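Peer 1: build me a structure from this.
(chains A, B, C and D)
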Protein chains: 2
Amino acid sequence: MSSIAVIQRTFSVLEAVAASGSASAKEVAHRLEIPLASVYRLLQELVEHGYLVHLKEERRFELGPKCFDLGLSFRQRLVAPSAIRQATDQVHKKLQAAAYFAVYRGSDIVLTHLSDCLAHPRLQPLRFGFHEAAHATAFGKILLAGMLPDQRSAYLGARGMPMLTPNTVVDPVQLDTHLQEVATCGIAWEHEEFLPEKTCAAVPVRNGSGVQIGSIAVSLPTSEAAGRQRQVETVLREYAGQCSRYLRSGHTVAVA
Amino acid sequence: MSSIAVIQRTFSVLEAVAASGSASAKEVAHRLEIPLASVYRLLQELVEHGYLVHLKEERRFELGPKCFDLGLSFRQRLVAPSAIRQATDQVHKKLQAAAYFAVYRGSDIVLTHLSDCLAHPRLQPLRFGFHEAAHATAFGKILLAGMLPDQRSAYLGARGMPMLTPNTVVDPVQLDTHLQEVATCGIAWEHEEFLPEKTCAAVPVRNGSGVQIGSIAVSLPTSEAAGRQRQVETVLREYAGQCSRYLRSGHTVAVA
DNA sequence: TCTGGTTTCTCATGTGGCGAGAACATCTCT
DNA sequence: AGAGATGTTCTCGCCACATGAGAAACCAGA
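Peer 2: Numbers count the residues shown, from 1 in each chain, chains lettered A, B, ... in the order given. Okay, the predicted model is just below:
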């Protein structure tokens, strides 16, 4: 756990400004407990590089255009290929439920496409780039189940298993046995473990070599989920198969 | 023109990765001419803070989720209020042309809303957050015309006036007299100075105190623009007035 | 097992970032 | 205008700490 002090500080300043939306030098200095002169140095540096802008008339600092450029580059790199987006959209349409596509990325699990509408909105904290709480989401569980045991324990060890609802599985060994089951069934259900009143399901998507690389998933109000397990499973598998077929023809998830 | 060396390097590494989409440590070291060991140090630091991820199996580095978060914060802070977005959308609809809304931000000029469609697409390089080439765009010119003379010359001095088409005004004194005219007319026209075959127009939007804070603009194929000057001007003014009226009731452009 | 590559570690060196305070600039009262 | 209060930049000596070279550890694929 190394850390170059200047860089540490620089990012903490940048993030302090991002969190506030807008901040004065003094506010940043106070919040981070860094001498004012040093904060000014860092702010100035960030401004010079375009990560912040200095609104002189208001004596405040805000995020600069480079931040948005980084966001665009990230999105561009990660957005799911259109064939996969279409499959996800079809799931959304067929099941009348918000649909999701997630992939492995290094040691992480990331949502790379969402398909929803006003009538069937996404689960609230979920958005493109979401990468938390794998232990409590359907797509997270199916992807955790596909990891090697030591990868998985490293993953969970690093991020913990916060309890998000009374139903969240927070015991590592309990999760382990659950994931065994998930792996053999090839489908992950999640019953109000992430958000109350919401039920989700996810199935694996495999690449040409048959290794699991992602997952396609849906979320439903628990009330609507009752009695639809079969239908949900069938449709998910149908389109997961379609994604896998697409990937078998040499495409990868990273390329748009 | 100060610069803390480590920070300089850190951002150059981050941006090198962003530019490549994906890069190995060696590639970065070679491109930036920084010793490999130092590059690893910086990469590691960036990974630790979430700005990069390390794809171990591929031995490469890519942008991390924090980059996207920054982009979101930037967007959230800057996106035009919905009343103004609606006005822009109306201009788009009424004039059958891509419409834009831009504001001052510190010493900068930034596009904060675009309204277009397949039939009437935005000018290609334009996007949310665009902040270049003010001397060659209609909204840029109307906002330059609203600056104090020394602000304006500082602005143009810092960014230069690149020639983008044969029509681009690249002579500062010529631009100055042109902007005089723009200021008195209260409308800026731009005839193929930014992109060939495209004509744009922009009018000011003022806040409660009557000071110009932004601009609403449209772009048209030059062929379609002929003979529509009157119509374009009328509609632009109508909705610019609507925006100004909204701002007069205490709202600011920075708040969504 | 070996080999070629990537990644981390070690360590002596001296650069360059640090903080305190002064100086300068800018706004806001009276 | 002048005085006072803030915000911002500059100066400068000190020494922590980032640096780069090289070695070592690690990790594939052959």
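Peer 1: flag every residue of chain A that's near DNA strand C.
Peer 2: Contact residues (CB under 7 Å from any atom of the strand) of chain A with DNA strand C: A:2, A:5-6, A:9, A:34-35, A:37-38, A:41-42, A:57. For the C-beta atoms, the positions are set from N, CA and C on the backbone; glycine is no exception.
Peer 1: cutoff 6 Å now
Peer 2: A:5-6, A:9, A:35, A:37-38, A:41 (CB under 6 Å from any atom of the strand).
Peer 1: closest to DNA strand C out of these?
Peer 2: Nearest to DNA strand C among the residues of chain A next to DNA strand C: residue A:38, at 3.1 Å, using CB to the nearest atom of the strand.
Peer 1: any idea how far the closest residue to the closest one other than its chain neighbours is from residue B:45?
Peer 2: Spatial nearest neighbour of residue A:38, chain neighbours left out: residue A:9 (7.4 Å); criterion: CB to CB, 6 or more residues apart in numbering or on different chains. Residue A:9 sits 12 Å away from residue B:45, going by CB to CB, to the nearest Å.
Peer 1: try residue A:46
Peer 2: 16 Å.
Peer 1: for chain A, give me the ranges with low pLDDT.
Peer 2: A:1-2, A:254-256 (pLDDT under 70).
Peer 1: domains of it?
Peer 2: A:5-69, A:79-248 (automatic domain parsing).
Peer 1: residues contacting residue A:90?
Peer 2: residue A:239 (CB atoms under 8 Å, 6 or more residues apart in numbering or on different chains).
Peer 1: same question for residue A:207.
Peer 2: For residue A:207, counting by CB under 8 Å, 6+ apart, the contacting residues are A:213, A:244, A:247-248, A:252-253.
Peer 1: now do the SS call for residue A:113.
Peer 2: strand (DSSP: H, G, I helix; E, B strand; the rest coil).
Peer 1: so it versus chain B, what's the distance?
Peer 2: Distance of residue A:113 to chain B, computed by CB to the nearest CB, to the nearest Å: 14 Å.
Peer 1: neighbours of that residue, how many?
Peer 2: Residues lying near residue A:113 (other CB atoms under 10 Å in any protein chain shown) number 23.
Peer 1: ditto for residue A:211
Peer 2: 10.
Peer 1: ok, it to residue A:204 distance?
Peer 2: Residue A:211 is 10 Å from residue A:204, by CB to CB.
Peer 1: cool, and residue A:127?
Peer 2: Counting by CB to CB, the separation of residue A:127 from residue A:204 is 22 Å.
Peer 1: ok, the two, which is more surrounded?
Peer 2: Neighbour totals were compared for residue A:127 and residue A:204, and residue A:204 leads with 25 against 12 (other CB under 10 Å).
Peer 1: which non-adjacent residue is nearest residue A:63?
Peer 2: Residue A:63 sits nearest to residue B:74 (CB to CB, 6+ apart), 4.5 Å away.
Peer 1: my guess is that neighbour meets residue A:68, correct?
Peer 2: Yes. Between residue B:74 and residue A:68 a contact is recorded at 4.4 Å, counting by CB atoms under 8 Å.
Peer 1: common neighbours of the two, please.
Peer 2: Common contacts of residue B:74 and residue A:68, defined by CB under 8 Å, 6+ apart, comprise residue B:129.
Peer 1: before we move on, back to that, more neighbours: which of residue A:46 and residue B:45?
Peer 2: residue A:46 (25 against 21).
Peer 1: hang on, the earlier thing: take the domains of chain A and lay them out in TSV including distance to residue B:198.
Peer 2: Converted to TSV, these look like this (distance: least, CB to CB, whole Å):
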stretch	distance to residue B:198
domain A:5-69	23
domain A:79-248	28
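Peer 1: dump those to TSV, plus distance to DNA strand D.
Peer 2: Formatted as TSV, those follow (distance: least, CB to the nearest atom of the strand, whole Å):
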stretch	distance to DNA strand D
domain A:5-69	3
domain A:79-248	11
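Peer 1: surely residue A:106 and residue B:52 touch.
Peer 2: No. Look at residue A:106 against residue B:52 with CB under 8 Å: they stay out of range, at 9.7 Å.
Peer 1: I'd assumed residue A:220 was in a strand, is it?
Peer 2: Yes. With three-state DSSP as the criterion, residue A:220 is assigned to a strand.
Peer 1: list the contacts for it?
Peer 2: Counting by CB under 8 Å, 6+ apart, the residues that residue A:220 touches are A:95, A:97, A:198-200, A:228, A:232.
Peer 1: for chain A, just list every one of the strands.
Peer 2: A:52-55, A:60-63, A:98-105, A:108-115, A:188-191, A:198-206, A:212-221 (DSSP state E).
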